[in-house]
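**Q** curious how this folds, go ahead:
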Amino acid sequence: MRQGFLDAVKKRYKDRHEVNRAWNSLFADLDEVAIGWDEVDPRYQSKTAYRFDWRTYHQRLGTEFIQRMADWARMGGAGVPVFISFSDRVFDLGESKYGIDREALAPSFDLLACSASNTITDPFYAMGYPQQPVNYILLRSLAPGKPLLNIADGLFSEKATDLPPSFGYVQSTLWEAAMAGLSGSALDTDNLLRFPQCLEACATTCFDL
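**A** Numbering: from 1, shown residues only. Model (predicted):
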């Protein structure tokens, strides 16, 4: 891991002087570079440039691993579409520190998929803005023209006992998803089946669409 990171650093920067300027470090030799979790020198390991280089390298390793997994899956099932399901946490604070590179991965799969849910108790918006629709719009932008599925569609993520969703809420949520580019949905039926109005709204909206 350390040698791979060191190779990436040497490829990115011209020499150790350029590294020292970017990271605010004092390397006499680049072999002194430590990997990200060995926080031995906060003078440079706390700097934005170093953190960017380390996290970008680590993110690339995760991306390459997933791409290899996709290649293995294709070998075992010729003609079967291969996809990865992205979480709906891309806009969470700090997610980019440890997340995968969605932009690099999305074009390499046969279709796009995610697991996204809505929040019925949003303090400001009736629809829990932006949540589901903004995830769909993002994925669509990364690979235009590919089908987009939500394979674990949580129309509402809470155990809605005190505030059961209305017919109109479910109907509006499904229409918002369709307008944002969602091609298909596998609903999480555990919470839907507890409320007849939700199931009715889902069926009615699907027929309308």
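
**Q** tell me which stretches of this structure form helices.
**A** 2-12, 16-23, 42-45, 48-76, 95-98, 102-105, 131-142, 167-179, 189-192, 196-208 (DSSP state H).

**Q** nearest to residue 152, of those helices?
**A** Residue 152 lies closest to helix 189-192 among the helices of the chain, at 10.7 Å (C-beta to C-beta). Placement of C-beta: from N, CA and C, glycine included.

**Q** which other helices and strands does that closest one contact?
**A** Judged by 3 or more C-beta pairs under 8 Å, 6 or more residues apart in numbering; DSSP states H and E, helix 189-192 is in contact with helix 196-208.

**Q** show me what the helix it packs on is packed up against.
**A** Applying 3+ C-beta pairs under 8 Å, 6+ apart, one finds that helix 196-208 makes contact with helix 167-179, helix 189-192.

**Q** those into CSV, with extra columns for mean pLDDT?
**A** Output for the helices and strands packed on helix 196-208, formatted as CSV (pLDDT from 0 to 100):
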stretch, mean pLDDT
helix 167-179, 91
helix 189-192, 72
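
**Q** redo those helices as a markdown table? Include distance to residue 55 and mean neighbour count.
**A** A markdown table is the format used below for the helices and strands packed on helix 196-208 (distance: least, C-beta to C-beta, whole Å; neighbours: other C-beta atoms under 10 Å):
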| stretch | distance to residue 55 | mean neighbour count |
| --- | --- | --- |
| helix 167-179 | 31 | 19 |
| helix 189-192 | 36 | 16 |
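
**Q** fine by me, we can end here.
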